[in-house]
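Novice: Structure, please.
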Amino acid sequence: MNIKRAKQEIKDTIEAYLMKDEFGEYVIPSVRQRPVLLIGPPGVGKTQIMEQIARECGIGLVAYTITHHTRQSAIGLPFIEKKEFGGREYTVTEYTMSEIVASIYNKMEETGLQEGILFLDEINCVSETLAPAMLQLLQCKSFGSHKLPRGWIIAAAGNPPEFNKSVRDFDVVTLDRIKKIYVEPDYGVWKEYAEAEGIYPAVQSYLSIKPQNLCTIETTVDGKQFATPRGWDDLSGLLWVYEKLGKTADRDVVYQYIQHPRIAKDFANYLELYRRYQSEYRVEEILAGTIRENVCDQAAKAPFDEKLSLVGLLLSKLSGYFAGCLEKAGDLELLMKKLRVLQDPEKVLEELSAEYEEKKREELLSVRGERRYRRIIKAMEECRRSLREENCTDPGAVWEWMRQWFGCQSDQYEEMKETGGQMLEHAFDFMEAAFGTGQEMVLFVTELNSNFYCVEFLQEYECARYYEYNKNLLFDDRESDLLRKIEKR
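Specialist: This next block holds a predicted model:
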């Protein structure tokens with residue numbers, strides 16, 4: 001199954017395992033809670049989804065790469081203890097607490113979360129001395145004599161043997177005690193992720209043309225050659241920073257992330273073309289309403305791959321702007337809820353700060369969620385500073401000042417939404433002028449339908465042409481033909 005389906009399967013499993021009866025006992029007892037084992041190629045997101053699952057389920061997460069551990073760190077160090085049996089004293093061997101189990105208790109103390117996931121990566125690459133301890137953990141939920149705390153679920157991940165020479169096959173006894181999920185790369189799922197996370201546009205555009213290069217692992221006489229979703233994700237982050245720094249990523253830089261010579265060379269060449277398209281077509285001018293006849297003619301006569309890249313450039317700029325609009329709307333929605341209840345900027349700031357610190361301590365904030373809190377807290381601090389400078393202390397006057405301030409923020413959002421709507425209209429103007437109702441328009445509208453930020457924005461902004469094209473164009477047949485044409489390239 002793909003990583004999106006796997007994530008939902010694990011969330012459903014956790015919900016089932018943590019369900020309690022009327023006596024406060026888990027409906028599925030710990031001994032019957034099969035550990036979840038994710039098996040799949042490297043870089044498809046197995047580790048990443050565990051972080052998302054813990055955050056979305058509101059539970060703790062302790063993660064270990066088990067190949068970094070020895071038998072001693074897993075089950076503890078031995079020490080001699082004296083005990084009495086049958087009236088006689090004996091010396092016996094005891095063990096200090098397992099480092100892994102101790103880290104779970106530390107996490108519970110730090111976050112206050114009493115339930116969670118123990119995630120063990122590369123579990124099928126454990127050393128020979130540690131293998132029995134892993135079997136005991138999967139079967140009995142304990143390391144040596146140290147049991148996992150109540151409410152903690154085991155999840156693990158590993159790579160198939162064709163990707164890792166160190167892999168050890170699990171026997172039937174072990175496999176019969178786990179819930180095995182095999183994960184395969186899926187371009188459609190990755191595309192959703194890429195759009196939501198803002199993967200560098202050239203990466204998105206290139207992989208839309210050559211989706212087979214998203215995850216490729218080959219064994220050659222020169223060793224392993226590979227491109228993985230993780231590699232593309234990390235390369236995207238570098239490209240964004242390089243763009244801000246005015247630096248250029250060449251083939252050698254690309255190969256540091258995409259360690260497949262043919263694909264690295266192909267993408268590096270595409271990246272050069274992509275930069276050229278950015279310069280030649282001036283997408284910012286198009287979206288601002290400046291549509292030049294010579295640019296339209298150039299686009300109409302361009303090769304198909306170039307047209308796809310141009311459509312990708314337009315969609316990337318639109319999606320990025322729409323994402324900013326949605327962030328602003330989310331900020332205002334959270335702030336409005338607080339102001340309605342508390343009606344005092346000082347109390348709002350205090351409660352938001354406390355919420356932020358608590359969620360951060362519990363590790364339940366995504367990067368986007370953390371930035372939202374920081375933006376709103378900063379805005380409220382500026383409000384407090386302005387109120388103090390104006391010596392505004394009367395509660396009625398403070399509320400009126402805040403009401404006007406919030407009104408200005410709402411007006412800014414409406415202006416942003418109007419600007420976004422105009423950008424979309426200008427994009428349609430250009431698409432009609434350059435391509436009419438051809439396959440390029442089909443691709444453009446289809447991508448609008450699938451892009452998360454575009455779909456959310458179009459729920460707020462009425463675009464007549466968008467609905468007209470959705471109604472009139474035969475998307476099912478024409479999109480299928482278009483996708484077949486892309487796959488042949």
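Novice: which helices and strands does the longest helix seen in the chain pack with?
Specialist: Taking DSSP state H as the criterion, the chain has its longest helix at helix 395-435. Packed against helix 395-435 by the contact rule (3 or more C-beta pairs under 8 Å, 6 or more residues apart in numbering; DSSP states H and E) you find helix 283-288, helix 293-301, helix 304-342, helix 367-389, helix 439-450, helix 452-460, helix 464-472. Where C-beta positions appear, they are placed from N, C-alpha and C, glycine not excepted.
Novice: For the first one, buried residues please.
Specialist: Same thing as helix 283-288. 283, 286-287 (16 or more other C-beta atoms under 10 Å).
Novice: Could you export it as PDB, CA atoms only?
Specialist: Written as PDB, here are the backbone C-alpha positions of helix 283-288 (Å, rounded to 0.1, in the frame of the first residue of the first chain):
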ATOM      1  CA  VAL A 283       5.300  34.500 -14.900                       C
ATOM      2  CA  GLU A 284       5.100  37.300 -12.300                       C
ATOM      3  CA  GLU A 285       4.200  39.700 -15.100                       C
ATOM      4  CA  ILE A 286       1.500  37.400 -16.400                       C
ATOM      5  CA  LEU A 287      -0.100  37.000 -13.100                       C
ATOM      6  CA  ALA A 288       0.000  40.700 -12.600                       C
END
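Novice: Please name every helix or strand in contact with that helix.
Specialist: Using 3+ C-beta pairs under 8 Å, 6+ apart: helix 283-288 touches helix 304-342, helix 395-435.
Novice: Run the angle between the first one and helix 367-389 for me.
Specialist: So the one you mean is helix 304-342. 50 degrees (axes from the mean of the first three to the mean of the last three C-alpha atoms, to 10 degrees).
Novice: average pLDDT across whichever helix or strand comes after helix 304-342?
Specialist: Note on helix 304-342: by DSSP states H and E, the next helix or strand toward the C-terminus is helix 345-361. The average pLDDT for helix 345-361 rounds to 88.
Novice: Could you do stretch 77-96 as well?
Specialist: 78.
Novice: before we move on, back to that, go through the helices and strands packed on helix 395-435 and name the closest to residue 416.
Specialist: Residue 416 sits nearest to helix 304-342 of all the helices and strands packed on helix 395-435, at 5.0 Å, using C-beta to C-beta.
Novice: If you count contacts, what does that closest one end up packed against?
Specialist: helix 201-209, helix 261-281, helix 283-288, helix 345-361, helix 367-389, helix 395-435, helix 439-450, helix 452-460.
Novice: Of all the helices and strands packed on helix 283-288, which one comes closest to residue 277?
Specialist: Among those, helix 304-342 sits nearest to residue 277 (C-beta to C-beta), with 5.3 Å.
Novice: what's the spacing between that closest one and its chain's center?
Specialist: Relative to its chain's centre, helix 304-342 lies at 17 Å (C-alpha atoms, centre = their mean, to the nearest Å).
Novice: same deal with stretch 443-453?
Specialist: 19 Å.
Novice: burial of residue 8, as a residue count?
Specialist: Number of residues near residue 8 (other C-beta atoms under 10 Å) recorded here: 13.
Novice: buried sites along the one helix or strand it maps to?
Specialist: For residue 8, the host element (DSSP H and E) is helix 3-17. By 16+ other C-beta under 10 Å, the buried positions in helix 3-17 come out as 3-4, 6-7, 10, 13-14, 17.
Novice: Export the residues you listed to TSV and append columns for pLDDT and distance to residue 113.
Specialist: Output for those, formatted as TSV (pLDDT from 0 to 100; distance: C-beta to C-beta, whole Å):
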residue	pLDDT	distance to residue 113
3	88	25
4	89	25
6	90	23
7	91	20
10	91	17
13	92	18
14	91	13
17	91	15
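Novice: Could you dump those into TSV and include distance to residue 170?
Specialist: Listed next are those as TSV, based on distance: C-beta to C-beta, whole Å:
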residue	distance to residue 170
3	22
4	26
6	18
7	23
10	19
13	19
14	22
17	21
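Novice: Of these, which is the nearest to residue 321?
Specialist: When the buried residues of helix 3-17 are compared against residue 321 (criterion: C-beta to C-beta), the nearest one is residue 4, at 26.1 Å.
Novice: which residues touch the residue nearest to the closest one when sequence neighbours are not counted?
Specialist: Once flanking residues are discounted, residue 4 sits nearest to residue 189: 4.4 Å by C-beta to C-beta, 6 or more residues apart in numbering. Residue 189 is in contact with 2-4, counting by C-beta atoms under 8 Å, 6 or more residues apart in numbering.
Novice: and which of these is nearest to residue 400?
Specialist: Nearest to residue 400 among those, with distances taken as C-beta to C-beta, is residue 4, at 47.9 Å.
Novice: distance of the residue nearest to residue 78 when sequence neighbours are not counted from residue 75?
Specialist: Nearest residue to residue 78, sequence neighbours excluded (C-beta to C-beta, 6+ apart): residue 93, at 5.0 Å. Here the criterion is C-beta to C-beta, to the nearest Å. By it, residue 93 lies 12 Å from residue 75.
Novice: neighbour count winner among the two?
Specialist: In this view residue 93 and residue 75 are compared by other C-beta under 10 Å, and residue 75 has more residues nearby, 26 against 8.
Novice: Would you check that the more buried one makes contact with residue 96?
Specialist: No - judged on C-beta atoms under 8 Å, residue 75 makes no contact with residue 96 at a distance of 9.2 Å.
Novice: what about the helix or strand harbouring residue 225, distance to the chain center?
Specialist: Residue 225 belongs to strand 223-227 when elements are defined using DSSP H and E. Put simply, strand 223-227 sits 25 Å off its chain's centre (C-alpha atoms, centre = their mean).
Novice: Give me the sheet partners of it and which way each runs.
Specialist: strand 216-220 (antiparallel) (DSSP bridges).
Novice: Run the chain-centre distance for the strand it pairs with.
Specialist: The answer for strand 216-220 is 26 Å, by C-alpha atoms, centre = their mean.
Novice: quick one, that strand and helix 261-281 angle?
Specialist: 140 degrees.
Novice: mean confidence score for strand 216-220?
Specialist: 83.
Novice: Other residues contacting it?
Specialist: 41-42, 163, 224-228, 260, 263.
Novice: Closest one to residue 410 out of these, please.
Specialist: Among the contacts of strand 216-220, residue 228 lies closest to residue 410 (C-beta to C-beta), at 43.7 Å.
Novice: returning to what we had before: which of the contacts of strand 216-220 scores worst on pLDDT?
Specialist: Comparing these by pLDDT, residue 163 comes last, at 70.
Novice: residues near it, how many?
Specialist: 17.
Novice: isn't it right up against residue 42?
Specialist: Yes - at 5.9 Å, residue 163 and residue 42 qualify as touching, with contact defined as C-beta under 8 Å.
Novice: Which residues are in contact with residue 19?
Specialist: 26-28.
Novice: By neighbour count, sort out the buried ones in the residues you listed.
Specialist: By 16+ other C-beta under 10 Å, the contacts of residue 19 give residue 26 as buried.
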